[in-house]
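> next come a sequence and a model predicted from it.
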Amino acid sequence: MKGISNSEAGRRIIVCSTRKTCIRKALRQLNGRDFRWAYLGEDTSRAIAIEQQLIDTGQRIEIGGQLQEIARSLRQPYIDYIGKLSLENNSILWWVGSLSEKNPWASKTFLYACYVKLCRATLDASGQETLLFIAENRALRECLAVNIADISKGTVLRLESPINNITGALGRSMRMTLYKAYFVAQTMYRLLLARRYGLKKTIERKSREGKGLVLLHNWVDQRSFDADGNYRDSYLGGLAHHLRNKGKSVVIVPYILYTVPYRQTLKKLAQSLDCVLLPESFLTVLGVLSVVMKTVMDIPARKVYPAFEGIEVNGIIMNDLVRDWVTSDPALKLLHYEAVKRWKNAGIPIDTFIYPFENQVWEKAYYLALRKYYPAAKIIGYQHSIVPKMLLTYFFSRDELPILPFPDKVITTGKYTEKLFKESGYDPSRVICGGAIRYAGTLKPGVTAPVKRDSSRPVILVTPTIDKNESIELIWKVLAALGQADRYKVILKLHPVAPYSGIARDIGPLPANFTVSNQPVSELLEKSHMLIYTSSSTSIEALSRGVPVLHIESEYRIDWDILADLPTTVRQSARNKDDILRMTESILKTEEKESLQQRAIWDNIVNDMLGPVDEGVYDLFLGD
C-alpha cells in the first residue's frame, strides 16, 4: 500500500487495482463509509464482475457521457502534443511505435489522460465525498495518484496487489524474451513455407518480364476466398482486374491475419494466384535476427515529458514505450522495411504500391523503405473504411506534416472523408475523392420508400465490432434492456473475424428472443426493423437500406462512432438499459410519413460518405 497524504482529516480518495483482494483491502480502509466508485479500464467482463462485487456497498459513477465529452475536448490538443514529440524523435523506431501512431488498440496514453482529467473533474464536483477509483493498469494508477494529490482535499491512498508489486523489470524482461523468441520462430516458419511453395521463384519469373510491378498490399482472412477457393479482394474489389486490363503487371502482397490458419491460407493463395509477393519470401535468418536485436537494444529510457493539458503523463507514456519494447509489434513492422530492401537487392521492379490506408505504423515502415530503395515508385493509399473523428490514428499535427511518412495520394471512399481530411491538415493535392469499392455490392442508395417487413414481431439487429470488450459491453447492455422483451426478436451478428464463440462465456446463456446469425449483414437488414451498434460501419449500410439506427455509448472506452456528429434525427444515442428500451420503442413507433422524410436525409448522408464506383474511380489508381 502506498499513500500520498495531503491531510489526515477529511475525506478519503482510494486508487486501487482491479483484483478482488485489492478491492477488499480498499473496503476495509473505507471502514463502512458511504462512497462512490468508478471503474477505469476497457475490460468489460472485469468491470461487470467488480460491479457485482460492490453491489451492496458503494454507488457506481456512470462516467461514459463525461468521458466522451472530455475525449472530444482533448482530441486536437493531443494530436498536436504527439506532433511535437514526432519533431523531437523523428526516426524509423519512432514511426513504428504505438505512441506516434495514436492507435487506441495499442497506445493507451490518450485514454488514460482522459481518465485522469475525468477523475480530477469528479473530485472538483464531489465536495467531501469519499471516492474509490478502480483502475486496470498500474501506470494509470500511479499517474492518477500523482495528478489528484494536490486537489483531493483529503487523504489519497494507492493500493496495489502483492502480485502487482512482485512483477517489475524482471517480469518485463522475461516476457520480452518470450515474445521475441516466439516472433523469431514464427517468422522462420513463414520463411520456410514461402520457400516450400516456391513463392520466391514465381515473383522472380514475373520480374524478368521487364515490366514495373503494381503491388496490391492487402489483408487476407476467411473472406478472401470464394466457395471454390479462389482469391477475391475484400477491400479493393475488382481493382486488380481493372489494372491488368489497362496493361499493368499486378501482384498481390498478402498479410495473412491471425484469425485463419497460416499454412492452409498460404497454400490457397499459391494455388489461386499465379504470383504472390510474400514479404517473408526474401528475408534471411540474419536479417530477421538483426531486426529483433535492433528492437531489443531500443530500451525505453525514463525522461520527463511536457505536461499534457496540465496532466503529468510521464508514467503512461512510459507504459506505451515499455509495451512496445516487450512485445514484437515494432519488430514486425521493421520486417516490412527489411523486406523492401531485400526486394531491391533481388531486382524486383516496383512501379506502384497500393494499400488500404489507415495511417498505421506498418504503412509508415513501407513508405520509408520504398522512398529509400524505390524513390520513383508511386505510393497510393485507399481509405477503404469509415473514418471516425475520434479514431486518432488517421490524424496528425500540421507541424509534423513535413516529416510524416505519407503516401503520394490518398483516395477516399467519398466526399465526406475528402472534406474531413483536408480540413484536418492533409495536403489537399494528395487527397482525391474516389468511391466505396469495399461496399459497392452491399449498399442500396436511393431508398425512398420503406421496405415492407413483418411488423407483428419487430426484428432488431445488433452488430458488435472486432473489439472483444466493446462487443461484450454492447451485448450486455442490449441483454439488460431487451432480454425480457419477448415482443422483439433480437439477432446478434458478430464481426466475421470475432465470432460469438469467443465471448459466449462472458455473456452467458441467451434468452429465447435472442439468436446468433452467420448470415451476411446485407441479408439480415432486409428483415430488420432497426439496428443497434456502438461503432460498427454497418450503421451506414443500415441507413442506405432505410433501417433506423440506435447507437449505444460506451461506459469504458472512447467512442469511435462515424455518425457521432450527425443530428438526432439520424442517430440517437443511449447510455443504459432504460435509454435503450425507451428509444427502441420510440424508433419503432415512428410514423411512416416521418420515416420517409428521414430516408431522404439518410440517402444524402450515405451518398456523401460512400460514393459510387465506376471505371473512373478505378482509373485513379493508375498512378499516372
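Everything's here; your move. Because the structure is a prediction, the values reported are computed rather than measured.
> state which helix of this protein is the longest.
Among the segments of the chain that qualify as a helix by DSSP state H, the longest is helix 169-196.
> roughly how far out does the following helix or strand past that one sit from the chain middle?
Remark: after helix 169-196, the chain's next helix or strand is helix 199-207, criterion DSSP states H and E. If you compare the mean C-alpha spot of helix 199-207 with that of the full chain, they lie 35 Å apart, counting by Cα atoms, centre = their mean, to the nearest Å.
> quick one: buried residues of the longest helix of the chain?
For helix 169-196, the buried set under the neighbour-count rule, 16 or more other Cβ atoms under 10 Å, comprises 176, 179-180, 183-184, 187, 190-191, 193-194. The way it works is simple: take the backbone N, C-alpha and C, and place the C-beta from them, glycine included.
> could you chop this structure up by domain?
2-166, 459-609 (automatic domain parsing).
> how far off centre is the shortest one?
Relative to the centre of its chain, domain 459-609 is centred 19 Å away, using Cα atoms, centre = their mean.
> average pLDDT for it?
Across domain 459-609, pLDDT averages out at 91.
> ok, Gln264 to Ile386 distance?
Note on Gln264: its distance to Ile386, by Cβ to Cβ, to the nearest Å, is 31 Å.
> apologies, that question was intended for Ser45.
Applying Cβ to Cβ, the value for Ser45 to Ile386 is 27 Å.
> among those two, which residue is more densely surrounded?
In terms of neighbours (other Cβ atoms under 10 Å), Ile386 is the more surrounded of Ser45 and Ile386; the figures are 25 against 16.
> element containing that one, please.
Assigned by DSSP H and E, Ile386 falls within no helix or strand.
> wait, isn't Pro464 in contact with Ile491?
No - shown here, Pro464 and Ile491 do not form a contact pair, counting by Cβ atoms under 8 Å, at 11.8 Å.
> quick one on the thing from earlier: compare the domains of the chain and give me the one nearest Cys275.
The closest of the domains of the chain to Cys275 is domain 459-609. By Cβ to Cβ, the value is 26.1 Å.
> contacting residues for Val549?
Under the criterion of Cβ atoms under 8 Å, 6 or more residues apart in numbering, the contact list for Val549 reads 530-533, 539, 542-543, 563, 570-571.
> likewise Gly65?
If you count contacts by Cβ under 8 Å, 6+ apart, Gly65 has them with 553, 575.
> offset the numbering so it begins at 17, please.
Yep, numbering from 17; the last one is Gly81 now.
> doesn't it belong to a helix?
Yes - secondary structure assignment (DSSP: H, G, I helix; E, B strand; the rest coil) places Gly81 inside a helix.
> measure Ser240 to Tyr247 for me?
As for Ser240, its distance to Tyr247 is 6 Å (criterion: Cβ to Cβ).
> which one of these two is surrounded by more residues?
Here Ser240 and Tyr247 are set side by side on neighbour count (other Cβ under 10 Å), and the busier one is Ser240, at 23 against 19.
> got the contact list for the one residue sitting closest to the centre of the chain?
Here the mean C-alpha position of the chain is nearest to the C-alpha of Trp121 (Cα atoms, centre = their mean), at a distance of 5.3 Å. Residues touching Trp121, when contacts are defined by Cβ under 8 Å, 6+ apart, comprise Asp483.
> helix/strand/coil for it?
With three-state DSSP as the basis, the three-state label of Trp121 is coil.
> lowest average confidence, helix or strand, in the protein?
Averaged element by element with mean pLDDT, DSSP states H and E, the chain has its least confident helix or strand at strand 18-21 (a mean of 42).
> give me the contacts around the helix or strand following it.
In the C-terminal direction, the helix or strand that comes right after strand 18-21 (DSSP H and E) is strand 27-32. Applying Cβ under 8 Å, 6+ apart, the external contacts of strand 27-32 come out as 38-39, 41-42, 45-46, 49, 139, 144-151, 157, 160-161, 164, 168-176.
> which among the residues you listed count as buried?
By neighbour count, with 16+ other Cβ under 10 Å, the contacts of strand 27-32 hold 38-39, 41-42, 45-46, 139, 145-151, 157, 160-161, 164, 168-176 as buried.
> and the residues you listed, which of them are in strands?
Secondary structure assignment (DSSP state E) places 147-151, 170-175 from the buried ones among the contacts of strand 27-32 within strands.
> so among these, where is pLDDT lowest?
Scanning those for pLDDT, the smallest score is found at Gly170, 68.
> where does the closest residue to Asp96 other than its chain neighbours land on pLDDT?
Using Cβ to Cβ, 6 or more residues apart in numbering and skipping the chain neighbours, the partner closest in space to Asp96 is Ser413 (4.7 Å). Note for Ser413: predicted pLDDT of 96.
> count of neighbours near Ser413?
Summarising burial for Ser413: neighbours were counted as other Cβ under 10 Å, giving 19.
> doesn't Ile64 fall inside a helix?
Yes - per three-state DSSP, Ile64 lies within a helix segment.
> past the helix or strand hosting Ser89, which element shows up next along the chain?
Element membership for Ser89, per DSSP H and E: helix 80-104. Scanning forward in sequence from helix 80-104, with DSSP H and E defining helices and strands, the next element found is helix 108-111.
> from the chain's centre, how far out does that next one sit?
20 Å.
> buried ones in it?
Using 16+ other Cβ under 10 Å as the burial criterion, the residues of helix 108-111 that qualify are 108, 110-111.
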